[in-house]
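> for reference, the sequence and a predicted model appear below.
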Amino acid sequence: MTILWTSDAIAKATAGTANIDFTVNGVAFDSREIGPGDLFVALKGEHSDGHLHVEQAFASGATGAIVSQPVDGPHVLVTDTTVALDELAKASRSRTDAKIIGVTGSVGKTGTKEALYAALKRCSFGEAHRSVKSYNNHVGVPLSLCRMPQNSKFGIFEMGMNHAHELSALTRLVRPHAAIITAIAPAHIGNFPTGEKGIADAKAEIFEGLMPGGTAIIPHDSAHFQRLRKKAERHADHVISFGFEKGADVRAVDIVGAPHGGSLVTAKLGDRSLCFTIAEAGRHWVSNSLAILAAVRAVGGDLASAGLSLAEMSGIDGRGRRHLISLKSGGKAVIIDESYNANPASMKATLQHFADEKCTGRKIAILGAMGELGEQSPHFHAALADDILLSGAEAVILVGEDMAHTVAKLGQGLDQGVKISHVASASDALTEVAKMISDGDILLIKGSNYLGLSTAVSALVSGEY
């Protein structure tokens, strides 16, 4: 495999000392993810110390490690491994000529990042890099930078935050040529006293790290558009808006449902028009696609390749992947896995699309509580009731304490003909759904990650329920 880092380069970047020459072709800080030829970074956290797992990392195939205390095996000794990870990330960013895109937003970050990667990988014949999974925080972003091959032509990095000033630091590491905000919604609103305005300001920090000549890409239809634009204009040479309303620089002018789900879209990009298909269903994916086209154009990618990639996109685990499962009772059912996370905006969008789903059986939903909503949690959970009733779900299993507000709202007024269950945990939800799911049903599973609803998805897919 191509050498990613030599021990000399690592030592130079981190101001460390190598005990022996070695090379690596990958980087990880979780010993469980180490593969042959990887570099293990022994990070120290509040409740863990990577140095306790160095031996395991070498046993799994690591050819070197970054440590702050001497260990047996090839290593670079540094004063602080967390600082060293950041410094190696900076060195990685400095040595590449790749065009870099940063992606943030309250919803749609990971899907947009994956679609951008697919588009730019296609037009660069494989020489594109992106952050994997949702490695979008203060350790995930530098790790993703460290993993970027020097000869990459494009790099796409997801950046997340749940407090102010977090993105400011991350974007200065990534130094993007183009930066996207997908949408502003009340995710983590409990951490922002000024509500969505505070969230918009925090997301707009991504523009602070833009390279000279950089492009800011913002949602035109957002209630916070002018706020975002004002911040973008301070740091970007070019500001491009996307959306459905007149005035958007990249705008969907026609949307038709595709035969097997998804959408057929005609978009205007300034003086150009582009017709393309999106495999993923939902209006939110049309919006994401417009931001993707704007970014591809901004970094000199190929729009035709982007259109083809959008047509071939398949769902991501936890974010819309579909599974056709065989039931113990006989027959088959479809699971829509949206188990990775949830906030009011993503819940609404998912339930609106669920209303359009067709099946020969029933629509069933397992919906988990939404986290980090602070004092507004009762309001947002109660408001979820209206979206549930409009979704066409015939049975709904609500998971978590905060869902009591949803149950109370659903119980008001006349019987809506929806079977409602309220349970405490993912395992309870699995037990409940196993009793009712039958041939031809379609099951939506969505909730905040802390509830672990992905375990219910795994159990149903594997048949171990």
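In hand now; what should we look at?

> alpha carbons only for contacts and neighbour counts from here, please
Fine.

> and Pro74, how far from Cys146?
To Cys146, Pro74 is 19 Å away according to Cα to Cα, to the nearest Å.

> ok, now which ones touch the residue at minimal distance from the centre of the chain?
Nearest residue to the geometric centre of the chain (Cα atoms, centre = their mean): Thr110, 2.5 Å. Applying Cα atoms under 8 Å, 6 or more residues apart in numbering to Thr110 gives the contacts Lys133, Ser134, Glu158.

> cool, Phe154 as well?
Phe154 touches Ala98, Lys99, Ile100, Ile101, Leu120, Lys121, Ser124, Glu127, Ala128, His129, counting by Cα under 8 Å, 6+ apart.

> just the buried ones from the residues you listed?
Buried subset of the contacts of Phe154 (neighbour count, 16 or more other Cα atoms under 10 Å): Ala98, Lys99, Ile100, Ile101, Leu120, Lys121, Glu127, Ala128, His129.

> how about the helices in the stretch 251-400 of the chain?
Using DSSP state H, counting those that start in this stretch, the helices of the stretch 251-400 of the chain run over 283-298, 303-312, 344-354, 377-391.

> so what does the longest one touch, helix or strand wise?
Taking 3 or more Cα pairs under 8 Å, 6 or more residues apart in numbering; DSSP states H and E as contact, the helices and strands that helix 283-298 lies on are helix 109-123, strand 178-181, strand 215-219, strand 238-243, strand 250-257, strand 263-269, strand 272-278, helix 303-312.

> and if you look at the second one?
Helix 303-312 is packed against helix 109-123, strand 272-278, helix 283-298, with contacts defined by 3+ Cα pairs under 8 Å, 6+ apart.

> quick one: contacts of the second one?
Think strand 272-278. Strand 272-278 has contacts (Cα under 8 Å, 6+ apart) with 258, 262-268, 285-286, 289, 307-308, 310-313.

> just how off-centre is that strand within its chain?
24 Å (Cα atoms, centre = their mean, to the nearest Å).

> repeat for stretch 385-405
With Cα atoms, centre = their mean, you get 24 Å for stretch 385-405.

> give me the average confidence score over it.
Mean per-residue pLDDT for stretch 385-405: 95.

> narrow the contacts of strand 272-278 to those that are buried.
262-268, 285-286, 289, 307-308, 310-311, 313.

> tell me the two of these that are most distant?
Lys268 and Met313 (21.5 Å; Cα to Cα).

> just to revisit the earlier point, what is the nearest of the buried ones among the contacts of strand 272-278 to Ser346?
Nearest member of the buried ones among the contacts of strand 272-278 to Ser346, counting by Cα to Cα, is Trp285, at 11.4 Å.

> separation between that closest one and His188?
Taking Cα to Cα, one finds Trp285 at 22 Å from His188.

> now Phe225
19 Å.

> between those two, which is the more surrounded one?
A direct count of neighbours by other Cα atoms under 10 Å for Phe225 and His188 places His188 higher, at 20 against 16.

> list the residues that contact that one.
His188 touches Asn162, His163, Gly371, Glu372, Leu373, counting by Cα under 8 Å, 6+ apart.

> specify the beta-bridge partners of Phe157.
Beta bridges link Phe157 to Gly102, judged by DSSP bridges.

> domain parsing for this protein?
Following automatic domain parsing, one gets these domains for the chain: 5-84, 96-312, 321-462.

> looking at those domains, which is nearest to Lys90?
domain 96-312 (6.2 Å).

> need the helices and strands packed on helix 283-298 in TSV (columns: mean pLDDT and distance to Ser462).
Putting the helices and strands packed on helix 283-298 into TSV (pLDDT from 0 to 100; distance: least, Cα to Cα, whole Å) gives the following:
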stretch	mean pLDDT	distance to Ser462
helix 109-123	96	25
strand 178-181	98	36
strand 215-219	98	39
strand 238-243	98	40
strand 250-257	95	32
strand 263-269	95	31
strand 272-278	94	29
helix 303-312	94	25
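
> distance to Val457 for the ones you listed - can I get that in TSV?
Shown next, in TSV, are those (distance: least, Cα to Cα, whole Å):
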stretch	distance to Val457
helix 109-123	19
strand 178-181	30
strand 215-219	32
strand 238-243	33
strand 250-257	28
strand 263-269	26
strand 272-278	25
helix 303-312	24
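
> mind checking these for the one nearest to Lys348?
helix 109-123 (16.7 Å).

> would a markdown table of the domains of the chain with distance to Lys90 be doable?
Output for these, formatted as a markdown table (distance: least, Cα to Cα, whole Å):
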| stretch | distance to Lys90 |
| --- | --- |
| domain 5-84 | 8 |
| domain 96-312 | 6 |
| domain 321-462 | 30 |
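
> let me see the contact set for the closest residue to Pro149 other than its chain neighbours.
Using Cα to Cα, 6 or more residues apart in numbering and skipping residues adjacent in sequence, the residue nearest Pro149 is Leu4, 6.0 Å away. For Leu4, the contacting residues are Thr23, Val24, Asn25, Gly26, Arg147, Met148, Pro149, Gln150, by Cα under 8 Å, 6+ apart.

> closest to Ile66 among these?
Distances from Ile66 to the contacts of Leu4, taken by Cα to Cα, are shortest for Val24, at 11.6 Å.

> so that closest one touches Gly37, yeah?
Yes - between Val24 and Gly37 a contact is recorded at 5.2 Å, counting by Cα atoms under 8 Å.

> between those two, which contacts overlap?
With Cα under 8 Å, 6+ apart, Val24 and Gly37 have common neighbours Ala62, Thr63, Gly64.

> returning to what we had before: tell me the most buried of the helices of the stretch 251-400 of the chain?
Most buried of the helices of the stretch 251-400 of the chain, by mean neighbour count (mean count of other Cα atoms under 10 Å): helix 283-298, with a mean of 23.

> starting at the chain centroid, how far to that one?
Centre to centre, stretch against its chain (Cα atoms, centre = their mean), the figure for helix 283-298 is 15 Å.

> one step back: which one of the helices of the stretch 251-400 of the chain lies closest to Ser106?
Nearest to Ser106, of the helices of the stretch 251-400 of the chain and by Cα to Cα, is helix 344-354 at 8.4 Å.
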